[in-house]
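Trainee: everything below, folded, please.
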Amino acid sequence: MECYTSDSCDSDSREQKTLDLSSRLADCTTISTELIGIIEEKDCAENYEIILLHGNRIQKLPESLNKFSNLRMLDVSNNRLTSLPDVFKYCPLTSLRAKHNYLTNESLPKCFSASKNTLKELNLSGNKFNFFPEQILDLSSLRFLYLAANKIVNISKDVWKLNGLQVLSMAGNQLTEVPDSVGALKSLQALVLNDNFIEQLPASIANLNQLRSLHIHKNKLKTLPTQLIKLKCLTELSLRDNPLVVRFVRDMTLQPPSLLELAARSIKLHEIPIRTGDIPVTLMGYLKQAQCCVNPKCKGVFFDNRVEHIKFVDFCGRYRIPLLQYLCSSKCITGSWESREVDSNPHSSHMMRKVLLG
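Mentor: Residues are numbered from 1 along each chain as shown. As a prediction, the model looks like this:
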């Protein structure tokens, strides 16, 4: 048969571990017929640990897969699957790849019985999930979880149950927030959240002390938690196409300062003494709200009008991360005092590009 790399199931073919029926554009009936033929031919089914069925036109999984008792990895990506029943009662998988199908939250079994304690990799990217599949939380042995390119609006707050997870990929969904419980994934090495609508990251992300790669580009981030600096293992940080980067050293469109603010700034800048009774109590309170400009070469203050500015802070000696600060005027950006500070370190500009471009 075409699926064999050897012509028979003799002792030499016992070494064959992979059954490749991929990229045939075959339907379920055709694939099922071939699998049954393998099962009936000298009991060859037990030889296979890997079955590749990707790139076909399968709408449902053949039940004959249950006969492959030593099956460990199954790839059914790029098919037409609308359901993923728990057909693996007799072949506990360690890897299941079912990306780019038509699976929804209702497509999954209520639980993954046989693979509950063995499944290490689950790839359901490129499907039609709207919510984080709660069944996944019972997969205690899971190490790699891929849910990218769906329409998922949340990360389950119980994601902490997957405490052995090393990779969590949820790029290209509709996430608006990241729950604090993500910080409990102490084994996590890669967190992929790009192409979402996330506005901020939780401070608990600092607990991910094994994290090496953090992809959060193309989101709505305006700031980063300062706790990010504690991630000693982080070597890849992708931030591009976020407001905090897009607006880097860019003037904000401001309304002219009010006369009240101009007067208050003058009082503070020239240190004009104000005694009790000279001005109303409300104005005394207003003067106390003055905030200093972060430009070390400027002694100015601001009250209601300010310019947002990104300050690159040294990050474990490897590169710099941007944190949001405020300036009293766009003139404080002119002259590039921040750029001069960065340029004084010959390695900073290269490291900065590494961070921003990811």
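
Trainee: for the stretch 201-350 of the chain, what spans make up the helices?
Mentor: Using DSSP state H, counting those that start in this stretch, the helices of the stretch 201-350 of the chain run over 243-246, 259-269, 281-287, 337-343, 348-357.

Trainee: what residues of the first one count as buried?
Mentor: Counting neighbours by 16 or more other C-beta atoms under 10 Å, one finds that the buried residues in helix 243-246 are 243, 244, 245. (Glycine included, C-beta is placed from N, CA and C.)

Trainee: also the longest one?
Mentor: Judged by neighbour count (16+ other C-beta under 10 Å), helix 259-269 contains these buried residues: 261, 263, 264, 265, 267, 268.

Trainee: near residue 107, how many other residues are there?
Mentor: Using other C-beta atoms under 10 Å, residue 107 has 19 neighbouring residues.

Trainee: ok, for it, nearest residue in space, not its chain neighbours?
Mentor: With C-beta to C-beta, 6 or more residues apart in numbering as the criterion, residue 107 has its nearest non-adjacent residue at 4.7 Å, and that residue is residue 83.

Trainee: same question, residue 152
Mentor: Excluding the flanking residues, the one nearest residue 152 by C-beta to C-beta, 6+ apart is residue 173, at 4.2 Å.

Trainee: next up, the contacts around that neighbour.
Mentor: Each residue near residue 173 by C-beta atoms under 8 Å, 6 or more residues apart in numbering is listed here: 147, 148, 149, 150, 151, 152, 153, 195, 196.

Trainee: which among those residues end up buried?
Mentor: Buried, going by 16+ other C-beta under 10 Å: 147, 148, 149, 150, 152, 153, 195, 196, out of those.

Trainee: got the phi and psi for the nearest residue to the last one once chain neighbours are set aside?
Mentor: For residue 196, the nearest residue in space outside its immediate sequence neighbours is residue 175; the separation is 4.1 Å by C-beta to C-beta, 6+ apart. When quoted as degrees, to the nearest 10, the phi and psi of residue 175 stand at phi -70, psi 140.

Trainee: over to residue 146?
Mentor: Dihedral angles for residue 146 - degrees, to the nearest 10 - are phi -120, psi 110.

Trainee: show the average pLDDT along stretch 209-229.
Mentor: Taken as a whole, stretch 209-229 has an average pLDDT of 89.

Trainee: ends of it, how far apart?
Mentor: 11 Å (C-alpha to C-alpha, to the nearest Å).

Trainee: and it, which residues are buried?
Mentor: 210-211, 213-219, 221, 223-224, 228-229.

Trainee: quick check: of those residues, which lies closest to residue 305?
Mentor: residue 223 (19.6 Å; C-beta to C-beta).

Trainee: residue 215: what's it in contact with?
Mentor: Going by C-beta under 8 Å, 6+ apart, residue 215 touches 171, 190, 191, 192, 193, 194, 236, 238, 358.

Trainee: quick one, phi/psi of the fourth one?
Mentor: The reference is to residue 192. Per-residue torsions, residue 192: phi -110, psi 110 (degrees, to the nearest 10).

Trainee: could you do the third one as well?
Mentor: Backbone dihedrals for residue 191, given as degrees, to the nearest 10, come out at phi -120, psi 110.

Trainee: partner residues bridging it?
Mentor: Taking DSSP bridges as the rule, residue 191 bridges to residue 168, residue 214.

Trainee: what's the burial count for it?
Mentor: Residues contacting residue 191 under the criterion other C-beta under 10 Å number 23.

Trainee: list the contacts for it?
Mentor: Per C-beta under 8 Å, 6+ apart, neighbours of residue 191: 168, 182, 208, 211, 213, 214, 215.

Trainee: that older thread, weakest of the helices of the stretch 201-350 of the chain in terms of mean pLDDT?
Mentor: Among the helices of the stretch 201-350 of the chain, helix 348-357 carries the lowest mean pLDDT (a mean of 36).

Trainee: before we move on, back to that, quickly note the distance from the residue nearest to residue 196 to residue 145.
Mentor: 14 Å (C-beta to C-beta, to the nearest Å).

Trainee: which one of the two has more residues nearby?
Mentor: The neighbour comparison of residue 175 against residue 145 (other C-beta under 10 Å) goes to residue 145, with 24 against 19.

Trainee: so that one sits against residue 137, correct?
Mentor: No - using C-beta atoms under 8 Å, residue 145 makes no contact with residue 137, being 10.4 Å away.

Trainee: so where do the strands sit in this structure?
Mentor: Along the chain, counting by DSSP state E, strands occupy 18-20, 50-52, 73-75, 95-97, 121-123, 144-146, 167-169, 190-192, 213-215, 236-238, 291-292, 301-302, 307-315, 319-327.

Trainee: relative to residue 64, which of these is closest?
Mentor: Of all those, it is strand 50-52 that lies closest to residue 64, at 10.7 Å by C-beta to C-beta.

Trainee: hmm, who's touching the longest helix seen in the chain?
Mentor: Longest helix of the chain, by residue count under DSSP state H: helix 28-40. Outside of helix 28-40, the residues within contact range by C-beta under 8 Å, 6+ apart are 1, 3, 19, 21, 24, 44-45, 48, 53, 56-62, 64-65, 67-68.

Trainee: what's near enough to touch the closest residue to residue 27 other than its chain neighbours?
Mentor: Spatial nearest neighbour of residue 27, chain neighbours left out: residue 57 (4.9 Å); criterion: C-beta to C-beta, 6+ apart. By C-beta under 8 Å, 6+ apart, residue 57 lies in contact with 25, 26, 27, 28, 79, 80.
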